[in-house]
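structure for this input, please:
(chains A, B, C and D)
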Protein chains: 4
Amino acid sequence: MKLNKYVDISTLDKEAKRDYIDRHSAFVKCDKEAEAGKKFKVKVMVGDEYMHPDDPDHFISYVQLWNGEKMLAQANFTEGALGNAANNLEVDFFIVPTKNMKLTAYAFCTKHGLWESDTVEVEVK
Amino acid sequence: MKLNKYVDISTLDKEAKRDYIDRHSAFVKCDKEAEAGKKFKVKVMVGDEYMHPDDPDHFISYVQLWNGEKMLAQANFTEGALGNAANNLEVDFFIVPTKNMKLTAYAFCTKHGLWESDTVEVEVK
Amino acid sequence: MKLNKYVDISTLDKEAKRDYIDRHSAFVKCDKEAEAGKKFKVKVMVGDEYMHPDDPDHFISYVQLWNGEKMLAQANFTEGALGNAANNLEVDFFIVPTKNMKLTAYAFCTKHGLWESDTVEVEVK
Amino acid sequence: MKLNKYVDISTLDKEAKRDYIDRHSAFVKCDKEAEAGKKFKVKVMVGDEYMHPDDPDHFISYVQLWNGEKMLAQANFTEGALGNAANNLEVDFFIVPTKNMKLTAYAFCTKHGLWESDTVEVEVK
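Reported below is the predicted structural model:
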């Protein structure tokens, strides 16, 4: 497989390419600072300006959240969980950090493979 | 395996049993009404008054969210995602309902098997 | 969800019911004796006389293998892995037993829920 | 995360590095020809000359089998499924090909991330 890396779509000209890349892109959304030993919410989203279909043979079937080389959590979705209409997949994981983190998300499309987000650094005190 | 069904711990006398049952119990937390075609947040939690360990050989490794006979989503956690300390696992799934739902959650402990929540009915308009 | 328990279809009269039940039934197939510390093959199959569809919105998406209250392994399949034609899903797990086992399999159909096999006892020497 | 690509350990000098790389390497083992529409066995193995631990906090927790950009199947293992002793994880997936395939396997170690096998081409008639 090809591991698709994040591309900022504002750098792209062609509408079809912007749509294709954006709707598969994974994003980590969380605060930049966290308290050690306390629950910390990390949102993983797929797509920003564009939405991905939720068809039986073409949907986002899982997202993963990694801290460096350690996978923390994975959420799998069944087709239809988003009502079989285009949308931005979204899940909030609550993790408990113990030291600084480098969080990366992955999104897996059943037709277009694996997509890696940018990495978000979180300072843990 | 045994499918452990939800028990209201206020009906129990023994502290050890209350702790054992509560820390494995899965809960579905969401509004009782939803709008068809709109994203709808469903929180799945494990434990209420008591917390479950997050040890390498003993932790909550996944939760599932079902609507009737259809599984909507599953979140898997790696040991250590909760900082290797006792806590209440928590994840928010964002789903898109199209008609009334009966939501049930399951929690899987690597030592004590599968636990079924009470079912929450959601009216979808 | 309903946890569907194994039913021997030779006890059933109606063809439609025999077909429905058999094609969802999970089976554990392995030797009845194993050597402690040695790899041991356990086949999990779904269906015996009847085959289940592999359609995008209707397929067997996972099977699990349990030893008593401990889940040993789970295999997830993508729709199309069986060529989008009816078949009997099949996977061989290689596990390493250390003491006597009680193996049970589960099959999950994306339309018809979770099905539990009969339990196979394995003597481990 | 880093996606570790297959390295032939016969090209390596240092024993520690040969061991580290080999015990994490994923391998696809199957015939080079298959018949369209017929079940076809594909073995995924982890490690060849060296074995990986099966400790609660350090084990191979999943392998995936891909055909080009499509994931066909994933097998997750619980720690202890290999008896908590070092071994070579092994699973046989039975898939049904419809046209030529390019099969790649991935192995995920809970401490050392994701490892990609060499790709095996299968001619399907």
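
secondary structure element holding A:Ala75?
strand A:70-77 (DSSP states H and E).

just checking: what are the partner strands of that strand?
Strand A:70-77 has the following sheet partners, assigned by DSSP bridges: strand A:60-67 (antiparallel), strand B:70-77 (antiparallel).

and those as JSON lines, adding mean neighbour count and mean pLDDT?
Quick note: C-beta positions are derived from backbone N, CA and C, even for glycine. Below are these laid out as JSON lines (neighbours: other C-beta atoms under 10 Å in any protein chain shown; pLDDT from 0 to 100):
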{"stretch": "strand A:60-67", "mean neighbour count": "25", "mean pLDDT": "96"}
{"stretch": "strand B:70-77", "mean neighbour count": "23", "mean pLDDT": "95"}
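
ok, and what's touching the strand holding A:Ala75?
A:44, A:59-66, A:89, A:91, A:93, A:95, B:72-78, B:80-81, B:91, B:93, C:76, D:1, D:108, D:110-111, D:113 (C-beta atoms under 8 Å, 6 or more residues apart in numbering or on different chains).

can you tell me which of the strands paired with strand A:70-77 is nearest to C:Lys14?
Across the strands paired with strand A:70-77, C:Lys14 has its closest neighbour in strand B:70-77 (25.3 Å, C-beta to C-beta).

gap between the closest one and the chain center?
Distance of strand B:70-77 from the chain centroid (C-alpha atoms, centre = their mean, to the nearest Å) equals 10 Å.

backbone phi and psi for the residue nearest the centre of chain A, please?
Centroid-nearest residue in chain A, with C-alpha atoms, centre = their mean: A:Ala26, separated by 3.0 Å. Here is the backbone geometry of A:Ala26 (degrees, to the nearest 10): phi -100, psi 140.

CA-only coordinates of stretch A:106-125 in CSV, if you can.
Output of stretch A:106-125 as CSV, limited to C-alpha atoms (Å, rounded to 0.1, in the frame of the first residue of the first chain):
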residue,chain,number,x,y,z
TYR,A,106,-4.5,7.7,10.3
ALA,A,107,-7.6,7.3,8.3
PHE,A,108,-8.4,4.2,6.2
CYS,A,109,-10.7,4.4,3.2
THR,A,110,-11.9,1.1,1.9
LYS,A,111,-11.2,2.2,-1.7
HIS,A,112,-8.3,4.6,-1.3
GLY,A,113,-6.0,3.2,1.4
LEU,A,114,-4.3,4.8,4.4
TRP,A,115,-3.8,8.5,5.1
GLU,A,116,-1.5,10.0,7.6
SER,A,117,-2.2,13.3,9.4
ASP,A,118,0.2,16.0,10.4
THR,A,119,1.7,15.3,13.8
VAL,A,120,0.6,17.5,16.8
GLU,A,121,3.0,18.0,19.7
VAL,A,122,1.5,18.2,23.1
GLU,A,123,3.4,19.4,26.1
VAL,A,124,2.5,17.4,29.2
LYS,A,125,3.1,18.9,32.7
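
check whether that stretch contacts chain C.
Yes. Applying C-beta under 8 Å from any C-beta of the partner chain, one finds stretch A:106-125 in contact with chain C at A:Thr110.

I'd like the average pLDDT over that stretch.
Averaging pLDDT along stretch A:106-125 gives 95.

quick one: residues contacting the closest residue to A:Tyr106 other than its chain neighbours.
The shortest distance from A:Tyr106 to any non-neighbouring residue, by C-beta to C-beta, 6 or more residues apart in numbering or on different chains, is to A:Gln64 (4.4 Å). Residues near A:Gln64 by C-beta under 8 Å, 6+ apart: A:Met71, A:Ala73, A:Gln74, A:Ala105, A:Tyr106, A:Phe108.

so what's A:Gln64 bridging to?
Applying DSSP bridges, one finds that A:Gln64 bridges with A:Gln74, A:Tyr106.

element containing A:Arg23, please.
helix A:15-24.

how far out from the middle of the chain is that helix?
Offset of helix A:15-24 from its chain centre (C-alpha atoms, centre = their mean): 15 Å.

which element is encountered next along the chain beyond that helix?
Note on helix A:15-24: by DSSP H and E, the next helix or strand toward the C-terminus is strand A:26-29.

that following strand and chain D, any residue contact?
No. Judged by C-beta under 8 Å from any C-beta, strand A:26-29 stays clear of chain D, getting no closer than 12.6 Å.

return the residues of chain A in contact with chain C.
Counting by C-beta under 8 Å from any C-beta, chain A sits next to chain C at A:Asp55, A:Pro56, A:Asp57, A:Ser61, A:Asn76, A:Thr78, A:Glu79, A:Gly80, A:Thr110.

between the residues you listed, which is nearest C:Ala34?
For the residues of chain A next to chain C, the nearest to C:Ala34 is A:Asn76 (31.6 Å; C-beta to C-beta).

how close does the closest one sit to B:Gly83?
For A:Asn76, the distance to B:Gly83 (C-beta to C-beta, to the nearest Å) stands at 24 Å.

and what of A:Asn100?
From A:Asn100 to B:Gly83 the distance is 13 Å (C-beta to C-beta).

ok, the two, which is more surrounded?
B:Gly83 (18 against 15; other C-beta atoms under 10 Å in any protein chain shown).

what's the local residue count around the residue nearest to that one when sequence neighbours are not counted?
Distances taken as C-beta to C-beta, 6+ apart place A:Val96 nearest to B:Gly83, at 3.4 Å, with adjacent residues excluded. By other C-beta under 10 Å, the residues close to A:Val96 number 21.

let me see the contact set for A:Val96.
A:Gly37, A:Lys38, A:Lys39, A:Phe40, B:Asp54, B:Ala81, B:Leu82, B:Gly83, B:Ala85, B:Asn87.

is it true that the last one touches B:Val46?
No. B:Asn87 is beyond contact range of B:Val46, at 9.1 Å (criterion: C-beta atoms under 8 Å).

the contacts of A:Gln64: which two are farthest apart?
Greatest spatial distance among the contacts of A:Gln64 (C-beta to C-beta): A:Ala73 and A:Phe108, at 14.0 Å.

what mean pLDDT does the next helix or strand after the strand holding A:Ala75 have?
Counting by DSSP H and E, the next helix or strand C-terminal to strand A:70-77 is strand A:90-95. Per-region confidence: strand A:90-95 scores 98 on mean pLDDT.

now do A:His52 against chain B, distance only.
12 Å (C-beta to the nearest C-beta, to the nearest Å).

for burial, what's the neighbour tally of that residue?
24.

and for the one 4 residues further on?
Taking other C-beta under 10 Å as the neighbour definition, A:Pro56 ends up with a count of 18.

so what's it up against?
A:Glu79, A:Gly80, A:Asn84, C:Asp55, C:Pro56, C:Asp57, C:Glu79.
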